[in-house]
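> quick one: sequence and predicted model below, then my questions.
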Amino acid sequence: MNLSARILLGLVLGLIVGVYVSVTDSNSLKELSQWVKPFGSLWVNAIRMTVIPLLMSLLITSIAGQKNTNVAARLGSKTIMVFFLMIIASSGITFLLAPQLLVLFSVDPQASKELLLSSGVVNQNQMKLPVFSEWLVALIPTNPVAAAANNAILPLLIFTSLFAAAILKIENKYQQSIVQFFEAIKRAMFVLIQWIMLVAPFGVFALVLPLSASLGLGALTALASFVLVACGLIVAVTLMLYPLASFFGKIPLKDFIKYCAPVQAIGFSTRSSLAALPATIEATEKLGISTKTSGVVLPIAVTLFKFSSPIARTTGTYFIANLYGIDLSQMQMLVIAAAIGMLSFYSPGIPSGGLLIMTPIYQSLGLPIAGIGILIAVDLLVDMFITSSNVTANIAAAVIMSRLEADISPKS
């Protein structure tokens, strides 16, 4: 059995065992699941410790390895354009389908309110959302080392890109020595990642088991309509990426399915596109995409591109409106879908940050801010599907960009 199959097996077993623990309500089994939890955290920490050096080495070797800054700038601008088009598509599909799907389900407001109270969700008003001006100023780090230490990925990405562009302007002998240094770091990181991925099936199992045991089936009953519609739409739109990547990237569909599967499993279990970055890079390599392209596309993707976030957040907003008996017009629903789609590029690095960015939209349309707290109650489950879809979209975007750059040679 290959590694991809073992990772998927670990995911499925973790889900099954976790649900069994939840259903049986055995204290001893619940205690056992908590003993397993630290091993999952250790595995995620092992992945994350490679992300900063890997991201920096990828960007520097990809940009500074070019002949001039124009090539890297063109690739970066094309990448952002592809991201915008894909976000527009996911937001548009949600606008067209989510309202019709939600009316198929009846909503029990009392059950939802009870779930909110029993879940121990923090009052939304107590959770601070960084204002846009603070977020904008923080994009240029005063201390790049501190940015790396604090996992401020987007500011670090900007510094690294500027640093790599500056390398192109120095003497060739110094330029080559710096690029070779970071090329060596990149290769060492790939070896370390291979070691970490060997225990991925156990890491995924240890992550998913306590999650599914604590979540159980209770959270699904009160908010079943939202969870089913949101996750169903995410799955449907994600499946659309398969023929898209195969057609535009001119790669076999079976290869895209095969190499995406382990990345999806890691994204689903960790709920972090950054944690799935090493596996994402490995998948693009197996699809024949050079690091010259993936080294620019993927770092931008994991920091800015959140393909499926607008699907869940827009569906959630429509659900909250239905829950509180608010009749939204077609224009209001269109505004919601467009605004959430654009705001998905600005996601603060705090718990449920993707939900909290919707606060100004709720305020402007007169929607109850407390409704965001209801969505937070089941965000753990929905976020699994979001992240799994996002990493798939990252790979699809890399495939499309490689074809646009004529930089792909699919492996046999």
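Done, it's in.
> ranges for the helices of the stretch 1-150 of the chain?
3-24, 27-64, 69-102, 109-118, 132-137, 144-149 (DSSP state H, counting those that start in this stretch).
> out of the ones you listed, which gets the lowest mean score?
Mean pLDDT values for these show the minimum at helix 109-118, a mean of 51.
> buried set for stretch 196-215?
Neighbour counts over stretch 196-215 (16 or more other CB atoms under 10 Å) mark 196-197, 200-215 as buried. In short, each C-beta sits where N, CA and C put it, glycine included.
> what of stretch 83-97?
83, 86, 87, 89, 90, 91, 93, 94, 95, 97.
> what of stretch 36-56?
Under the neighbour-count criterion of 16+ other CB under 10 Å, stretch 36-56 has 36-37, 39-40, 43-44, 46-48, 50-56 buried.
> columns distance to residue 400 on top of the helices of the stretch 1-150 of the chain, output as TSV?
Below are the helices of the stretch 1-150 of the chain laid out as TSV (distance: least, CB to CB, whole Å):
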stretch	distance to residue 400
helix 3-24	23
helix 27-64	17
helix 69-102	6
helix 109-118	39
helix 132-137	28
helix 144-149	30
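> for residue 389, which of the ones you listed is the nearest?
helix 69-102 (8.8 Å; CB to CB).
> packing partners of the closest one?
Judged by 3 or more CB pairs under 8 Å, 6 or more residues apart in numbering; DSSP states H and E, helix 69-102 is in contact with helix 27-64, helix 153-167, helix 224-249, helix 291-304, helix 309-323, helix 330-343, helix 379-404.
> can you rerun that using 7 Å?
Applying 3 or more CB pairs under 7 Å, 6 or more residues apart in numbering; DSSP states H and E, one finds that helix 69-102 makes contact with helix 224-249, helix 291-304, helix 309-323, helix 330-343, helix 379-404.
> now the next helix or strand after the first one: how far from the chain's centre is it?
As assigned by DSSP states H and E, the chain's next helix or strand after helix 224-249 is helix 253-270. On the basis of CA atoms, centre = their mean, to the nearest Å, the separation between the geometric centre of helix 253-270 and that of its chain is 13 Å.
> buried residues in helix 253-270?
Using 16+ other CB under 10 Å as the test for burial, helix 253-270 gives 255-256, 258-270.
> and the helices of the stretch 1-150 of the chain: which comes nearest residue 184?
Comparing the helices of the stretch 1-150 of the chain by CB to CB, helix 27-64 comes nearest, at 8.5 Å.
> that closest one vs helix 253-270, what angle?
Here the directions of helix 27-64 and helix 253-270 differ by 120 degrees (axes from the mean of the first three to the mean of the last three CA atoms, to 10 degrees).
> just to revisit the earlier point, and the buried residues of stretch 83-97, which is closest to residue 12?
residue 90 (26.8 Å).
> ok, now which ones touch residue 267?
Shown in contact with residue 267 (CB atoms under 7 Å, 6 or more residues apart in numbering): 273, 276, 387, 388, 390, 391.
> how about these in JSON lines, adding distance to residue 141, neighbour count and pLDDT?
As requested, the contacts of residue 267 are exported to JSON lines (distance: CB to CB, whole Å; neighbours: other CB atoms under 10 Å; pLDDT from 0 to 100):
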{"residue": "273", "distance to residue 141": "21", "neighbour count": "25", "pLDDT": "85"}
{"residue": "276", "distance to residue 141": "24", "neighbour count": "29", "pLDDT": "88"}
{"residue": "387", "distance to residue 141": "26", "neighbour count": "25", "pLDDT": "90"}
{"residue": "388", "distance to residue 141": "30", "neighbour count": "26", "pLDDT": "93"}
{"residue": "390", "distance to residue 141": "25", "neighbour count": "25", "pLDDT": "93"}
{"residue": "391", "distance to residue 141": "26", "neighbour count": "32", "pLDDT": "94"}
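> now do the contacts for residue 375.
316, 355.
> against residue 313, how distant is it?
8 Å (CB to CB, to the nearest Å).
> what is in contact with these two at once?
Common contact partners of residue 375 and residue 313 (CB under 7 Å, 6+ apart): residue 355.
> thinking again about what came up before, just put the helices and strands packed on helix 69-102 in JSON lines and tack on distance to residue 32.
Formatted as JSON lines, the helices and strands packed on helix 69-102 follow (distance: least, CB to CB, whole Å):
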{"stretch": "helix 224-249", "distance to residue 32": "27"}
{"stretch": "helix 291-304", "distance to residue 32": "34"}
{"stretch": "helix 309-323", "distance to residue 32": "32"}
{"stretch": "helix 330-343", "distance to residue 32": "40"}
{"stretch": "helix 379-404", "distance to residue 32": "21"}
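> hmm, residue 156 is touching residue 146, no?
No - the pair residue 156 / residue 146 is not scored as a contact, 9.7 Å apart, by CB atoms under 7 Å.
> need phi/psi at the residue nearest to residue 324 when sequence neighbours are not counted.
Nearest residue to residue 324, sequence neighbours excluded (CB to CB, 6 or more residues apart in numbering): residue 368, at 5.6 Å. Note on residue 368: backbone dihedrals following degrees, to the nearest 10 are phi -70, psi 120.
> what's the neighbour count on residue 368?
Other residues lying near residue 368 total 15 when counted by other CB atoms under 10 Å.
> what's the separation between it and residue 322?
The spacing between residue 368 and residue 322, counted by CB to CB, is 12 Å.
> what of residue 403?
Separation of residue 403 from residue 322 (CB to CB): 41 Å.
> same thing with residue 61?
Distance from residue 61 to residue 322, counting by CB to CB: 50 Å.
> before we move on, what about residue 160?
Distance of residue 160 to residue 322, computed by CB to CB: 44 Å.
> ok, residue 226 next?
To residue 322, residue 226 is 9 Å away according to CB to CB.
> which one's more surrounded, the two?
residue 226 (27 against 20).
> so what's the more buried one up against?
Applying CB under 7 Å, 6+ apart, we find residue 226 in contact with 315, 316, 319.
> please apply the same query to residue 318.
Residues near residue 318 by CB under 7 Å, 6+ apart: 98, 99, 102, 333.
> shouldn't the first one be in contact with residue 315?
Yes - Residue 98 is within contact range of residue 315, at 4.4 Å (criterion: CB under 7 Å).
> shared neighbours, those two?
229, 233.
> what does stretch 3-22 contact?
Contacting residues not belonging to stretch 3-22 are listed as 29-30, 33, 197, 200-202, 204-205, 207-213, 216-217, 258, 261-262, 265-266, 268-269 [CB under 7 Å, 6+ apart].
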